[in-house]
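Asker: sequence below, structure please.
(one chain, ligands or ions: 2)
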Amino acid sequence: MVLGKLGSSLHKAVQKLLRSSIVDEKAVKELVKDLQRALLQADVNVHLVMDLTKRIESRSLKDDIAPGVSRREYVVKVVYEEITDILGQKVVPLTLTPNKSNIYLVVGIQGSGKTTNIVKLAKLLKKEGHSVGIVAADTFRAGAYDQLQQLSERADVPCFGDPKEKESITIAKRGVKHYKSKKTEIILVDTAGRHKEEKGLIREMKQIAKTVKPDEIILVVDGTLGQQASTQAEAFNAATPIGSIIVTKLDGSARGGGALSAVAATGAPIKYIGTGEKVNDLEKFEPKKFVGQLLGMADFESLLKKVEDAEAMPDKDLAKALLSGKFSLKDMMAQMDAMGNVGSIGKILQMLGLGYKVPEEMQDVATENLEKWKVIMKSMTDEELENPKLIRGSRTQRIARGSGTQPKDIKELLKQYSQSKKFIKQIRKRRGGLRIPGMPGAIGDQKLPRGSR
Ligand SMILES: Nc1nc2c(ncn2[C@@H]2O[C@H](COP(=O)(O)OP(=O)(O)OP(=O)(O)O)[C@@H](O)[C@H]2O)c(=O)[nH]1
Ligand SMILES: [Mg+2]
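Answerer: Residues are numbered from 1 along each chain as shown. Ligands and ions are numbered 1, 2, ... in the order given. Next up is the predicted model:
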């Protein structure tokens, strides 16, 4: 499991919060302490941890939470967002220009995982449908050529090399020429990691780069270095713009979290992560997905979606009105407008996490008639919209004339309205009141009994 230890301690911290009966300042502080412990153990930089947890604490305790979302759920989302943030929000793809040979020079300190991960990357890109070739330009380490040859064979990717050639620059040049003549889309050049420190390696990298003229330099960094990994990323980035970073050995490394966050903090784009020794153990690095998996909650996606949907709801006041039982035609119209869609009531209730399904017939009728109803409602007075009971006899006639419809259309609209209202009432009754944070008379989230969510 990638970052298994960090994942399990983060998971535990979040579960503890989700299980606690009250989500108050004390519970949030405890969560923050657990998170700090977990992140520091994974070698995440202490300043980064302190900033991160300060933000989590202050955001978690902020009052204004979208209706229908519990503070518990909101806090989990904050934790997720903030951790994602320190790993870099964006997914940056490999620079790849179509209809030409793209040359990637792969560099990194001795033993960082260049050779293994080049083969993994080649396999991944081949799977994506590209033609790929590898150049074995490590003429330094005995056995380097054989290692790459064997690995490529297993992965079924071509490898260009010449064990008799002692000059890495010559090999690199010949290899690139070879693949260019075959119009190979992606050329990955493996280099020697003969240096244990950055300076010498950077000098050499610049030399090879001058001849090979890569489209992108890929730096391979050993994830077991923890936060020290950023020193390399910084040094390389300062010397030449690094197009991609692969952080390797994140499987089983206790310090991987530190490596990822520290490298991300330098602004260098982590595009792939190495997650094992086998040829399939390379993943595209997608911070959001990664943190989701790290937090390891089965229903995490749905929780996030719920909070995000509720936050995206255009009209919180409307939701409150709806839940408070005050639901006029005006509210219904505003809601239809806001959602631009129907079964808007169903959608709102879903967003509020009430989990009730609006009967299908009700939705169908609403969908079919939405536009017509909007026109009808425009012919109503404010008074009628607030109090639809007034609409009878001559008022019905007047509204029908004004909107170019039939009295039966108005009756249908009123029927839909009263059904919606009844439906909301039923739900309110069944739930024994609805929870709207910050609303007088509502059951506050903080006092919810255990297991009631
Ligand atoms: N567990 C684990 N091991 C890895 C990973 N990536 C590489 N390794 C191992 O790390 C060791 C070094 O990998 P190489 O690919 O040879 O590293 P290199 O950077 O090419 O090494 P030099 O060419 O000597 O500089 C090998 O034993 C690999 O199997 C990874 O993601 N996880
Ligand atoms: Mg190597």
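
Asker: quick check: pLDDT value at the spatially most central residue of the chain.
Answerer: Per C-alpha atoms, centre = their mean, the C-alpha nearest to the average position across the chain is that of residue 288, at 2.6 Å. On the pLDDT scale, residue 288 is placed at 88.

Asker: isn't it up against residue 85?
Answerer: No. Taking contacts as C-beta atoms under 8 Å, residue 288 lies outside contact range of residue 85: 10.2 Å. (Glycine included, C-beta is placed from N, CA and C.)

Asker: quick one, strands of the stretch 1-150 of the chain?
Answerer: Ranges of strands in the stretch 1-150 of the chain, per DSSP state E, counting those that start in this stretch, are 102-107, 132-136.

Asker: ligand 1 is nearest to which of those?
Answerer: Closest approach to ligand 1 among those (C-beta to the nearest ligand atom): strand 102-107, 8.6 Å.

Asker: now do that closest one: distance to the chain's middle.
Answerer: Chain-centre distance of strand 102-107: 28 Å, with C-alpha atoms, centre = their mean, to the nearest Å.

Asker: just checking, what packs against it?
Answerer: Judged by 3 or more C-beta pairs under 8 Å, 6 or more residues apart in numbering; DSSP states H and E, the packing partners of strand 102-107 are helix 114-127, strand 186-190, helix 198-212, strand 216-222.

Asker: strand partners (parallel or antiparallel) of that strand?
Answerer: When pairing is defined by DSSP bridges, strand 102-107 lines up against strand 186-190 (parallel), strand 216-222 (parallel).

Asker: how about residue 372, what does it touch?
Answerer: With contact taken as C-beta atoms under 8 Å, 6 or more residues apart in numbering, residue 372 is in contact with 405, 409.

Asker: do the same with residue 124
Answerer: Neighbours of residue 124 in contact, by C-beta under 8 Å, 6+ apart: 272, 282, 284.

Asker: what about the first one, helix or strand, and which?
Answerer: Secondary-structure assignment from DSSP states H and E places residue 272 in strand 270-274.

Asker: got the buried residues for whichever helix or strand comes after that strand?
Answerer: Scanning forward in sequence from strand 270-274 by DSSP H and E, the next helix or strand is strand 282-284. Buried positions in strand 282-284, judged by neighbour count with 16 or more other C-beta atoms under 10 Å: 282, 283.

Asker: likewise for stretch 20-29?
Answerer: Of the residues in stretch 20-29, 20, 23, 27, 28 count as buried by neighbour count, 16+ other C-beta under 10 Å.

Asker: kindly export that stretch (C-alpha atoms) in CSV.
Answerer: This file holds the C-alpha atoms of stretch 20-29, laid out as CSV (Å, rounded to 0.1, in the frame of the first residue of the first chain):
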residue,chain,number,x,y,z
SER,A,20,-17.3,11.5,18.2
SER,A,21,-20.7,12.5,19.5
ILE,A,22,-20.0,16.2,19.4
VAL,A,23,-18.0,18.1,16.9
ASP,A,24,-16.9,21.0,18.9
GLU,A,25,-13.7,23.0,19.4
LYS,A,26,-12.3,20.3,21.6
ALA,A,27,-12.9,17.5,19.0
VAL,A,28,-11.4,19.6,16.3
LYS,A,29,-8.4,20.3,18.4
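
Asker: adding distance to ligand 1 and mean neighbour count, write the strands of the stretch 1-150 of the chain out as CSV.
Answerer: CSV is the format used below for those (distance: least, C-beta to the nearest ligand atom, whole Å; neighbours: other C-beta atoms under 10 Å):
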stretch, distance to ligand 1, mean neighbour count
strand 102-107, 9, 24
strand 132-136, 10, 27
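
Asker: can I get those in a markdown table with mean pLDDT?
Answerer: Shown next, in a markdown table, are those (pLDDT from 0 to 100):
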| stretch | mean pLDDT |
| --- | --- |
| strand 102-107 | 96 |
| strand 132-136 | 98 |
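
Asker: out of these, nearest to residue 252?
Answerer: strand 102-107 (23.1 Å; C-beta to C-beta).

Asker: domains of the protein?
Answerer: Domain assignment of the chain by automatic domain parsing yields the ranges 4-90+297-303, 102-285, 316-447.

Asker: pick the most buried one from those.
Answerer: Among those, the stretch with the highest mean neighbour count (mean count of other C-beta atoms under 10 Å) is domain 102-285, at a mean of 20.

Asker: helix or strand right after whichever helix or strand residue 371 is part of?
Answerer: Using DSSP H and E, residue 371 maps to helix 360-378. Using DSSP H and E, the helix or strand that follows helix 360-378 towards the C-terminus is helix 382-386.

Asker: now the residue of the stretch 51-200 of the chain found nearest ligand 1. Nearest residue, chain neighbours left out?
Answerer: With C-beta to the nearest ligand atom, the shortest gap between the stretch 51-200 of the chain and ligand 1 falls at residue 193, namely 2.4 Å. Excluding the flanking residues, the one nearest residue 193 by C-beta to C-beta, 6 or more residues apart in numbering is residue 110, at 3.9 Å.

Asker: now do the same contact list for the one you found.
Answerer: Counting by C-beta under 8 Å, 6+ apart, residue 110 touches 193, 194, 195, 196.

Asker: dump the residue contacts of the first one.
Answerer: Contacts here follow C-beta under 8 Å, 6+ apart; on that basis residue 193 touches 107, 108, 109, 110, 111, 112, 114, 138, 141, 201.

Asker: please redo it, this time with the cut-off set to 10 Å
Answerer: Residue 193 makes contact with 106-115, 138, 140-141, 144, 201, 204, 220 under the criterion C-beta atoms under 10 Å, 6 or more residues apart in numbering.

Asker: return the residues of the protein in contact with ligand 2.
Answerer: Within the chain, the positions near ligand 2 by C-beta under 5 Å from the ion are 114, 115.

Asker: pLDDT weak spots in the chain?
Answerer: Counting by pLDDT under 70, the ranges of the chain that qualify are 1, 63, 298, 310, 312-326, 334-368, 423-424, 426-453.
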